[in-house]
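Asks: Give the three-dimensional model of this entry:
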Amino acid sequence: MALEAAGANHVAIIFGVTGLVGKELARILASKKTWKVYGVARKPGIISFRDQHPDCHFISCDLLNPLEAQQKFSSLRDVTHVFWVTWASQFPLDSEECCVQNKAMMGNALNALLPVAEKLRHVSLQTGTKHYVSLQGPFDKGEVCYYDEESPRASGGNNFYYALEDLLRERLAGKVAWSVHRPGLIMGSSQRTVFNFMGSLCVYGAICKHLNLPFVFGGTRESWEEAYVDGSDARLVAEQHIWAATNEEIYPTDGQAFNAINGTGFTWKEIWPAVGLKLGVEVPQDMFSEEFSLLEAMADKEGVWKEIVLKAGLLQTEMRDLANWAFMDMLFRCPVKMLGTRDKADGLGFTVRYQTLDSILYWIDFMRKEKLIP
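Replies: Purely as a prediction, here's the structure:
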C-alpha cells in the first residue's frame, strides 16, 4: 500500500537539496500536505532556498565534519525518509580518496540519524549508470550492452557508488528498506552541481549568440552519431525516488536498484539543431568537429559571461557557477557507452517518461525563468 494513500505522516531529509535532483525533490515533496521537508547542503545556493521552498527547513552542514553532523541531525527524531543525492567531488572519480571521503560523509549523517530516527522507513540513494562501467579502461568498442540493475559491478578503479551501497547494506542491516537510483546524464537546474550539463550547454549557447560564433559540437564521431549515454530528467529522477520510497510493495530490506532514465535513446546529431534553435544561435551546416574543445574555446570567456549577465539583467553568477568545460569535453568524448534499460521500473509500475530533447528544451525555459541564462 502506498504510504501517501494511507495518509501517513512523512518527514523527509534531503542531503544535497541544492543539486539538480535535490531541488526537484524539495519542490515536489513541499507541495504535498502530508510531507515535512528538511533540506541539507553546505551552502544555500545563489537563489534563496527560502524563496524557492518556503515550506522546507534548510540546514547548512559540512557533512565531512562528524561533530557538526551530530549537532545538526541528532535532534531530528521525526525523520521517516532519507534522500541521499549528494557527493563529495574534491578528489578524482575512481580514486581511493573519493571513495573514502564519500563514505565518511554518509557515515557521519547515518551516525547522527540512525540512533534517534526511530520512525525511519526508507533510505534512497542516488548514484548513476557509471555503476556499470569503469572509466579506467580497457574499453570494449564491440557489441552495445544495455545494462540492467543486476549487471555486475565493473572491475578496475575505485567506484564510490559501491562504497555507499555497501555502507547502507551494513548499517541498515535488514532493519530499514532502501533503494538505489542510477540516472544517466541529468538534465536540471542548479548552481551547486559539479557535472552541470544544462548550465554548461546554456552558457556555451549564450556566449555563441553574444559573439556571433557557430554552435559547434566538439567530440568524437562515435559520440556524435551513436547513443552513448541515457538522458535523465531531474523531474523523473526525483519522482522515481519518491515512488520507491513510498511504495511498500517494493520495500526490500536488502536494497532495491533502479535505472532512472528517460526511456527512448538519443544521439547528439539528432537533437543538436533543435537545441541550437532554442538557444537562438547559428547552427552551421557542419555542426561536428573532432578538433573543437569547449575547455580551450571557453578558457578566456569569463569576461564575456559577465557582460551577458549584466546586459540581460541575470542573477549574478560566475561562469564556473554554471559551466564545467572539462566535463563537457569528457562527455562528448566518452570512451565507453553507459546505456541502461528501464524494464525493471516499468514492470513495477513506474510510468514517468520523457524524450531527452523535450527535457533539454524544458530546462532551458526553466533556467530562463530563474534568470540564470538569457
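Asks: Show me the shaky parts of the stretch 201-350 of the chain.
Replies: Judged by pLDDT under 70, the stretch 201-350 of the chain has no weakly predicted residues.
Asks: all helices for it, in order.
Replies: Taking DSSP state H, counting those that start in this stretch as the test, the helices found in the stretch 201-350 of the chain are 221-225, 234-245, 268-279, 294-297, 302-312, 319-322, 325-331, 343-347.
Asks: now the residue lying farthest from the centre of the chain: how far from P214?
Replies: Outermost residue of the chain with respect to the C-alpha centroid, by CA atoms, centre = their mean, is Q285; its distance is 32.4 Å. Shown here: Q285 relative to P214, a distance of 10 Å by CB to CB, to the nearest Å. All C-beta spots, glycine's among them, are computed from the backbone N, C-alpha and C.
Asks: Also N102?
Replies: Applying CB to CB to N102 and P214 gives a distance of 39 Å.
Asks: mind listing what's buried in the helix of greatest length in the chain?
Replies: Looking across the chain with DSSP state H, the single longest helix is helix 96-113. For helix 96-113, a neighbour-count test (16 or more other CB atoms under 10 Å) marks 98-99, 101-110, 112-113 as buried.
Asks: ok, whatever helix or strand comes next after it: who's next to it in the sheet?
Replies: Next helix or strand after helix 96-113 toward the C-terminus (DSSP states H and E): strand 122-126. Sheet pairing here is set by DSSP bridges, and for strand 122-126 it gives strand 81-84 (parallel), strand 177-183 (parallel).
Asks: And the contacts of strand 122-126?
Replies: 21, 80-85, 164-165, 168, 172, 176-183, 237, 241, 244-246, 251, 260 (CB atoms under 8 Å, 6 or more residues apart in numbering).
Asks: now the helix or strand harbouring E68, how far from the centre of its chain.
Replies: E68 is part of helix 66-73, with elements assigned from DSSP H and E. Distance of helix 66-73 from the chain centroid (CA atoms, centre = their mean, to the nearest Å) equals 25 Å.
Asks: Taking helix 96-113 as reference, get the angle to that helix.
Replies: Interaxial angle, helix 66-73 versus helix 96-113 (axes from the mean of the first three to the mean of the last three CA atoms, to 10 degrees): 40 degrees.
Asks: Report all helices and strands that helix 66-73 contacts.
Replies: The contact analysis (3 or more CB pairs under 8 Å, 6 or more residues apart in numbering; DSSP states H and E) places helix 66-73 against helix 96-113.
Asks: How far does the helix it packs on sit from its chain's centre?
Replies: On CA atoms, centre = their mean, the centre of helix 96-113 falls 19 Å from that of its chain.
Asks: tell me the average confidence for that helix?
Replies: The average pLDDT within helix 96-113 is 96.
Asks: from now on call the first residue 455
Replies: I'll keep to 455 as the first residue from here, and by that count the last item is helix 550-567.
Asks: And the contacts of the longest helix of the chain?
Replies: Against helix 550-567 from outside (CB under 8 Å, 6+ apart): 467, 469, 517-520, 523-524, 526-528, 530, 533, 536, 538, 540-546, 574, 612-614, 616-618, 621-622, 625.
Asks: coming back round to it: nearest to E824, of the buried residues of helix 550-567?
Replies: M559 (27.5 Å; CB to CB).
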